[in-house]
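Participant: What follows is a predicted protein model with its sequence.
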Amino acid sequence: MLHAMPTTLIHAGRALTPASEVHDAGILIRDDVIDAIGPRSGLSVPAGGTEISALEKIAIPGFLDIHIHGAGGRDVMEANRDALEAVTRKVVEYGTTSLLATTVTAGPEDTCRAAAGISLYITQQRTGKQSRAEVLGIHFEGPFISKVRRGVHPVEWIQSPSEELLNRLLQAAAGNARLITIAPEVLGAAPCIDAARKAGLVVSIGHTDANYEQTRFAIAHGARSATHTYNAMRPFTHRDPGVIGAVLTSPELNAELIADGVHVEEAAMKLLLKAKGYERVILVSDGLSATGMPDGKYMLGGFEVTVTNGVCRNAAGILAGSTLTLDRALRNIVKLGVPLADAARMLTVNPAILLGIEFKKGSLRVGADADVLLLDQDLRVTEVWARGVPVN
């Protein structure tokens, strides 16, 4: 039997909701939701409740990572409870309180098996109160991508977009598919984008050699995101702006960014932020099983990658995801001169809006899940509450 959790009042120096800033803030957590938020002077601690004094800290919503493959030595493609618990336990230490388990291109049977396993875990995690990140759904990164811009995705498993295979993946995901990366120039992409949109998925443009017109066509068909912008994309030139030109100039498109300083140079990050505005950039980790682990050899799906000085590469030396944690992404973006409230948006409410869950995730607001982080003055995560449960 589940017992109700005690009521907790967090008293922070300031809270970023992130729509507004509350000074001398109180956040009242009852069970697993935010019951009240506002100036501390206007809130009282109910009988039996506890107050946590954190006047030197900044409270922000928990991070939502829409693109992560693994952490803590485990990969989401393993798709069993042990692996997914290891991933979600590791990332919550760094402030990620919810995520989309992201697949890598593999054979149809393997991808369907992974989707079914992740889906089962999503159902199981709803029982009991756990101090771990919540898996909100699945992001299919592949198999409908470009062979030319595949990055480390195995070429033998890349498939032409087809509604038939999409439906197999959706069936295996049992209602938990949330996002799919598609290269819009590949034959069969348009009907596949239409079918994915009809099924309620967010379509993201990625691993693509598309030109400007092909990208705009995909956006017209409802694509609303770009997967790790700049990476695994046709390069930009002034006479052939290509997919990057379309991403930078299409206000309806959100842009993922891996802000680890390895995947994208500082000037390119600044250009993206300037072109898109702070409301349209989503910071992602693209984290692998090596996240939160020492250098060494790790698995991404079915193949091995080597991590040296925190940088992941495959046997051919191609970048293979990252070991980035989202707290570090936040600090890196703030170092570029972005105000903290705007940087926090890119990790919280922006991905929540993309997924259509901004009333439940990504904001400190009444009725939202009690996913709360406390940051010190160096913007390091010192305390985490995941759906009201303190993470030790």
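Facilitator: Looks like it arrived, so ask away. Residues are numbered from 1 along each chain as shown.
Participant: so residue 10 makes contact with residue 52?
Facilitator: Yes - using C-beta atoms under 8 Å, residue 10 is in contact with residue 52, at 5.1 Å. (Glycine included, C-beta is placed from N, CA and C.)
Participant: who has more neighbours, these two?
Facilitator: Remark: of residue 10 and residue 52, residue 10 carries more neighbours, 26 against 16, as counted by other C-beta atoms under 10 Å.
Participant: any idea which element the closest residue in space to the more buried one that isn't next to it in sequence lies in?
Facilitator: Distance criterion C-beta to C-beta, 6 or more residues apart in numbering; nearest residue to residue 10, sequence neighbours excluded, is residue 27 at 4.4 Å. Element membership of residue 27, judged by DSSP states H and E, is strand 21-30.
Participant: Who are the packing partners of the next helix or strand after that strand?
Facilitator: Once strand 21-30 ends, the next helix or strand along the chain (criterion: DSSP H and E) is strand 33-39. With contacts taken as 3 or more C-beta pairs under 8 Å, 6 or more residues apart in numbering; DSSP states H and E, strand 33-39 sits against strand 21-30.
Participant: pLDDT (mean, whole number) over the strand it packs on?
Facilitator: Strand 21-30 comes out with an average pLDDT of 97.
Participant: Excluding chain neighbours, what is closest to residue 182?
Facilitator: residue 144 (4.7 Å).
Participant: Could I get the contacting residues of the one you found?
Facilitator: 159, 160, 161, 166, 180, 181, 182, 183, 186, 189, 192 (C-beta atoms under 8 Å, 6 or more residues apart in numbering).
Participant: Now go through those residues and say which are in strands.
Facilitator: 180, 181, 182 (DSSP state E).
Participant: Switch those over to a markdown table; also include neighbour count, pLDDT and distance to residue 278.
Facilitator: Converted to a markdown table, the ones in strands among the contacts of residue 144 look like this (neighbours: other C-beta atoms under 10 Å; pLDDT from 0 to 100; distance: C-beta to C-beta, whole Å):
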| residue | neighbour count | pLDDT | distance to residue 278 |
| --- | --- | --- | --- |
| 180 | 30 | 98 | 26 |
| 181 | 30 | 98 | 23 |
| 182 | 31 | 98 | 26 |
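Participant: From the residues you listed, pick the one nearest residue 14.
Facilitator: Among those, residue 181 lies closest to residue 14 (C-beta to C-beta), at 36.7 Å.
Participant: The closest one is in contact with residue 146, isn't it?
Facilitator: No - using C-beta under 8 Å, residue 181 makes no contact with residue 146, being 10.6 Å away.
Participant: Next, show the common contact partners of the two.
Facilitator: By C-beta under 8 Å, 6+ apart, residue 181 and residue 146 have these common neighbours: residue 207.
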